[in-house]
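In: return a 3D structure for these sequence lines:
(chains A, B and C)
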Amino acid sequence: MRLPTPVTSQAVEESDRFLVDLERFQGPLDLLLHLIRSQDVDIFDIPIADITGQFIAAIENVEERLTLERAGEFLEMAATLVRIKAQMLLPRRDDLLDDADPRSELVRRLIEYEVFREVAYTLADAEADRALHRGKGYVEPRTLPKSSELPLELTIEEFLEIALSLPAPLEKRPHRAPVLPVTVDEKIELWYKALKRKARVQFGKFIGRWKTRVHAVMSFLACLELAKRGRVVLRQDRPFSTLWVYPSEDDEDS
Amino acid sequence: MKTTRIVEAVLFASETPLTAAEIARASGDLSAKDVEQAIGELCHEYEAEDRSVQIYPLGDGYQILTRPEYAPYLERFDSITRTNKLSRAALETLAIVAYRQPVSRLEVEEVRGVSAAGVLRNLYERGLIEVVDRAEGLGRPLLYGTTKRFLDHFGLRAVDDLPKPENLEIALRTEG
Amino acid sequence: MKTTRIVEAVLFASETPLTAAEIARASGDLSAKDVEQAIGELCHEYEAEDRSVQIYPLGDGYQILTRPEYAPYLERFDSITRTNKLSRAALETLAIVAYRQPVSRLEVEEVRGVSAAGVLRNLYERGLIEVVDRAEGLGRPLLYGTTKRFLDHFGLRAVDDLPKPENLEIALRTEG
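Out: Next up is the predicted model:
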């Protein structure tokens, strides 16, 4: 992953001073701020060509040490810088407003990030200060008995009294397989009935009358059985689309 | 820094008794004897100022503990009393698990009407309940049952030895 | 029993910050206001007697902690709770969450210019941030906010204790 390096020779020489350990930096904004702040340039008038060159030089040298994700973050910023640099080279129209400076969005992000970077330092100080205050339990116990090893303070009377105070047990839900309330044959009869009056029946509508799954399953099995017997034709245009049940052409005769 | 104050800080920060030799680890300049002496001074000081804590010798060590007369005030805080007495919520949950096992968290919550996750974890950590199975169905929830420790505590051989719910009242009357 | 002593006993026995209202639970005769007043008196007393501990406000509660000058003595003991210092990535992310809460992962990533998923998960697991809401719109992203534990970790009473961005030195520099 080589970068295009359209950098002036002067910038390349300059950049030697900014060979930096990228691990130190939290990301492309952090590195960029470092380059800007360490040279005392005006953040509102960033010398974009120089800074771009330094930025690319800084990440080029350590590129292979970065994970793909981190490298991507730095490369994205490099691309942004190159784009801004290109825009700066375009002739500016007179009626252009100040805030149309191609750098303005970058400046906004840099300042925003710098504020939070500063807050992070404040937090680090607060953390260090708080860490000097130790609460109870800081000194590691010699042998803290596990609660599963401590003797339990509970009598059978206390336990039973609680058990008695509980609401009556709900009816135990049966865990055995339910006796099937419906049969395939019964559903076949219902299909015949439904199809007698209509040219086609929507499967979903047919089973919608019953709430439980067993009805749907039995209805479907009945359908398959009828199709096998050549009594119905099943049609579904796409997976998961409506399933239509048609009486077979010759069904009228039977 | 005064030795008494260093010893006080160390004793405060420890939850368990520390021996004088252990406390002396706080500073290279301290001997166990210095610590013993400082503890004596602190005891007098706490006494004179009628403080709510005192330094008690426990085993071969020392620990700062609240004075017994403050125990009633502390009993109101479940979180800070460190006895192995079960809370009402824990007892109810244990009773449900004992009588309905194997039982899921959801079933416990249905009976008690409140979230049971914390209480179940607590009972689990105390070794009173354990995961005995997973239910069929959505998410295959864990099913809890009581442990051998639970049975041992009540001198029962099996869960079936627990009085039947319908006999509970009798059991209470006869044993109570 | 004097109120100050009851409050002292309760604070002493707790390992975490307690609010005045929580401390007041110790006795039916106590109000949160009584507790606040007692804490004020105890602070003066500990100050006057040059004790090694003091009562510190943390979040909306209070906790007895050792004074900073005794930290070096306690360092010499093994500790289970020795605080792991947070990384810069974690601190920056926390700063953004603290000021912008409720805030989404995407917003954090936009400000820092780097991926935030790992850091946010880490902060969440440490209990320093929590999910406070879901945003409207595509995918209804989670919105994060800081926790009580965040305040405790940094010794803050409230998020407002953090410096206002406009008061930071940096803001002056950019305007100059």
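In: number of residues surrounding the closest residue to chain A within chain B?
Out: Using C-beta to the nearest C-beta, the closest approach of chain B to chain A is made by B:Gly127 at 3.3 Å. The C-beta positions use only the backbone N, C-alpha and C, and glycine is treated the same way. For B:Gly127, the count of nearby residues is 18 (other C-beta atoms under 10 Å in any protein chain shown).
In: can you report phi and psi for it?
Out: With angles defined as degrees, to the nearest 10, B:Gly127 sits at phi 80, psi 20.
In: now do A:Tyr246
Out: Residue torsions, per degrees, to the nearest 10, at A:Tyr246 are phi -110, psi 140.
In: per-residue confidence at the residue of chain B closest to chain A?
Out: pLDDT recorded at B:Gly127 is 85.
In: can you tell me how far it is from chain C?
Out: Separation of B:Gly127 from chain C (C-beta to the nearest C-beta, to the nearest Å): 21 Å.
In: now do B:Ala71
Out: Distance from B:Ala71 to chain C, by C-beta to the nearest C-beta: 9 Å.
In: and A:Ala120, what element?
Out: helix A:104-131 (DSSP states H and E).
In: and that helix, what does it pack against?
Out: Under the contact criterion of 3 or more C-beta pairs under 8 Å, 6 or more residues apart in numbering or on different chains; DSSP states H and E, helix A:104-131 touches helix A:28-38, helix A:68-89, helix C:88-100, helix C:105-112, helix C:148-154, helix C:169-175.
In: just for the stretch 151-254 of chain A, where's the confidence low?
Out: A:151-153, A:167-182, A:209-213, A:249-254 (pLDDT under 70).
In: do a quick rundown of the strands in it.
Out: A:201-202, A:232-235, A:244-247 (DSSP state E, counting those that start in this stretch).
In: so which of those strands is the most packed in?
Out: The highest average neighbour count among the strands of the stretch 151-254 of chain A, using mean count of other C-beta atoms under 10 Å in any protein chain shown, belongs to strand A:244-247 at a mean of 19.
In: partner strands of that one and their direction?
Out: strand A:201-202 (antiparallel), strand A:232-235 (antiparallel) (DSSP bridges).
In: quick check: which of those is nearest to B:Asp133?
Out: Checking the strands paired with strand A:244-247 against B:Asp133 by C-beta to C-beta gives strand A:232-235 as the closest, at 40.9 Å.
In: contacting residues around the closest one?
Out: For strand A:232-235, contacts defined as C-beta atoms under 8 Å, 6 or more residues apart in numbering or on different chains pick out A:Trp191, A:Leu195, A:Cys223, A:Leu226, A:Ala227, A:Leu243, A:Trp244, A:Val245, A:Tyr246, A:Pro247, A:Ser248, A:Asp251.
In: could you dump the lengthiest helix in chain B to PDB, C-alpha only?
Out: Using DSSP state H, we find that the single longest helix of chain B is helix B:32-48. Provided in PDB are the C-alpha atoms of helix B:32-48 (Å, rounded to 0.1, in the frame of the first residue of the first chain):
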ATOM      1  CA  ALA B  32       5.800  -4.900  64.500                       C
ATOM      2  CA  LYS B  33       6.500  -3.500  67.900                       C
ATOM      3  CA  ASP B  34       6.000   0.000  66.700                       C
ATOM      4  CA  VAL B  35       2.700  -1.100  65.200                       C
ATOM      5  CA  GLU B  36       1.600  -2.700  68.500                       C
ATOM      6  CA  GLN B  37       2.300   0.500  70.300                       C
ATOM      7  CA  ALA B  38       0.500   2.600  67.800                       C
ATOM      8  CA  ILE B  39      -2.500   0.300  68.000                       C
ATOM      9  CA  GLY B  40      -2.600   0.800  71.700                       C
ATOM     10  CA  GLU B  41      -2.500   4.600  71.300                       C
ATOM     11  CA  LEU B  42      -5.300   4.500  68.700                       C
ATOM     12  CA  CYS B  43      -7.500   2.400  70.900                       C
ATOM     13  CA  HIS B  44      -7.200   5.000  73.700                       C
ATOM     14  CA  GLU B  45      -7.800   7.800  71.300                       C
ATOM     15  CA  TYR B  46     -11.000   6.100  69.800                       C
ATOM     16  CA  GLU B  47     -12.200   5.400  73.300                       C
ATOM     17  CA  ALA B  48     -11.600   9.000  74.500                       C
END
